[in-house]
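# A predicted structure for the sequence below; I have some questions about it.
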Amino acid sequence: MATFDKPKVELHVHLDGAIRLETILDVAKKRGIKLEADTLQDLMQLCTVYEPATLTEFLSKFNHYMHVIAGNREAIKRVAYEFVETKAKEGVIYVEVRYSPHFLANSSVDPIPWNQKEGDLTPDEVVSLVNQGLSDGEKAFNIKVRSILCCMRHMPNWSMDVVELCKKYSSEGVVAIDLAGDESLNCVAYPGHRMAYEEAVKSGIHRTVHAGEVGPPSVVKEAVEVLKAERIGHGYHTIEDQELYKQLLEENMHFEVCPISSKLTGACNPDFTKHPVIRFKEDQANYSLNTDDPLIFNSTLDTDYMTAEKYMGFTEEEFKRININSAKSSFLPEKEKKDLLNHLFEAYGMMVNTSF
Ligand SMILES: O=c1[nH]cnc2c1ncn2[C@H]1C[C@H](O)[C@@H](CO)O1
């Protein structure tokens, strides 16, 4: 049985970090693409981070398999659909899944990623395909799914496209913009990212930013003050700047915490009993628990919850509280947020608050 066997909300998970190994092998076979591994076991060995590494080392894992899925319409739709099935099985009732449309394209993207040959799949069509896969999955598995489009730290020239795609597809489940990638190499957001986030603010597109994962608190400060982030991806290092941390606590800023990820990317002390989320818990901060990249960490949402229970003193009550906070901090419109909250209140045996 799962550690917290009740409906859950997940806000920080990368679609391209949540692909099934079986699917990678199968698609590679169908497309005649040679992989460095041809059994499930060997592919797992290749793609998984087993011991604490660095964010840069972790990000290099995507090189082993992204070329298999990118540029292929059927594969992209399938990955999105299967993702929803996986989350439904984990007891997730609402998930916001993120990805870079450019990383899955092979046309209208400069440079073309993963050494692909130029084709005819644009970032725009990628978003449309993912939307279809997610929407088919929602119907088949009866959960709610929304998506977030990622800008990449090292690719500021893609960011204006990303915000335009957020606007174009806001009626098809795209709810926000994100800035992901290697914060350890690019600590200050480029003008391209700043322009895209300015446009997001102007157009009412919700905003989250990977910040303070491995980088210093200044990255979090920039995310909040310059990029106008409404949520912080990870944000562990915020607590090294007590003034900033206190301010964000007062503002009820939401931190998207990913326990297993934070150990294996080297973001935090590998000793879970010293994890910053324990401080968040003690301060009753607003945060969620998430998987981030379950393919690469060989994890599930339950292993993250189990870790929190076993090493961080999490109780059922705290799990309920953080899922309620996650629903409140989701990028859903108010009415849908209330419905989601009521669903959780009911499932958790709490009084439904009719005063909203
Ligand atoms: O934990 C992460 N930090 C920064 N970037 C990340 C993390 N996990 C995945 N990414 C990157 C790699 C993916 O290709 C990209 C879009 O999902 O986002």
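Thanks, I have it.
# Can you give me every residue that contacts Ala200?
Contact analysis of Ala200 by Cβ atoms under 8 Å, 6 or more residues apart in numbering lists 163, 166, 177, 206-207, 228. (Each C-beta comes from the backbone N, C-alpha and C, glycine too.)
# Buried among those residues? Make that a PyMOL selection.
Those of those that count as buried under 16 or more other Cβ atoms under 10 Å are selected in PyMOL with:
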select buried, resi 163+166+177+206+207
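# In CSV: the contacts of Ala200, plus secondary structure, pLDDT and distance to Ala200.
Converted to CSV, the contacts of Ala200 look like this (DSSP: H, G, I helix; E, B strand; the rest coil; pLDDT from 0 to 100; distance: Cβ to Cβ, whole Å):
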residue, secondary structure, pLDDT, distance to Ala200
Val163, helix, 98, 5
Cys166, helix, 98, 7
Ile177, strand, 99, 5
His206, strand, 98, 8
Arg207, strand, 98, 5
Lys228, coil, 98, 8
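# So which bits of this structure are right by the ligand?
Where the chain comes near the ligand, counting by Cβ under 6 Å from any ligand atom, the residues are 14, 16-17, 59, 62, 98-100, 103, 150, 180-181, 210, 213, 261, 265, 292-293.
# the strands in the protein, which residues?
For the chain, applying DSSP state E gives strands covering 8-14, 92-99, 144-152, 174-180, 206-211, 231-234, 254-257, 286-289.
# Lys320 is nearest to which of these?
With Cβ to Cβ as the criterion, Lys320 lies closest to strand 8-14 of the strands of the chain, at 10.0 Å.
# Next, the angle from that closest one to strand 206-211.
If you take axes from the mean of the first three to the mean of the last three Cα atoms, to 10 degrees, strand 8-14 sits at 60 degrees to strand 206-211.
# for strand 8-14, packing partners?
When contacts are defined as 3 or more Cβ pairs under 8 Å, 6 or more residues apart in numbering; DSSP states H and E, strand 8-14 packs onto strand 92-99, strand 231-234, strand 254-257, strand 286-289, helix 316-328.
# about what we covered before: widest-spaced pair of the contacts of Ala200?
Top of the distance list for the contacts of Ala200 (Cβ to Cβ): Cys166 and Lys228, 14.1 Å.
# Who are the contact partners of the residue in the stretch 101-250 of the chain positioned nearest to the ligand?
Nearest residue of the stretch 101-250 of the chain to the ligand: Ala180, at 3.5 Å (Cβ to the nearest ligand atom). Counting by Cβ under 8 Å, 6+ apart, Ala180 makes contact with 14, 98, 100, 150-153, 210, 233.
# how about a cut-off of 7 Å?
Ala180 makes contact with 150, 152, 210 under the criterion Cβ atoms under 7 Å, 6 or more residues apart in numbering.
# so how far is Ile24 from it?
Distance from Ala180 to Ile24, counting by Cβ to Cβ, to the nearest Å: 20 Å.
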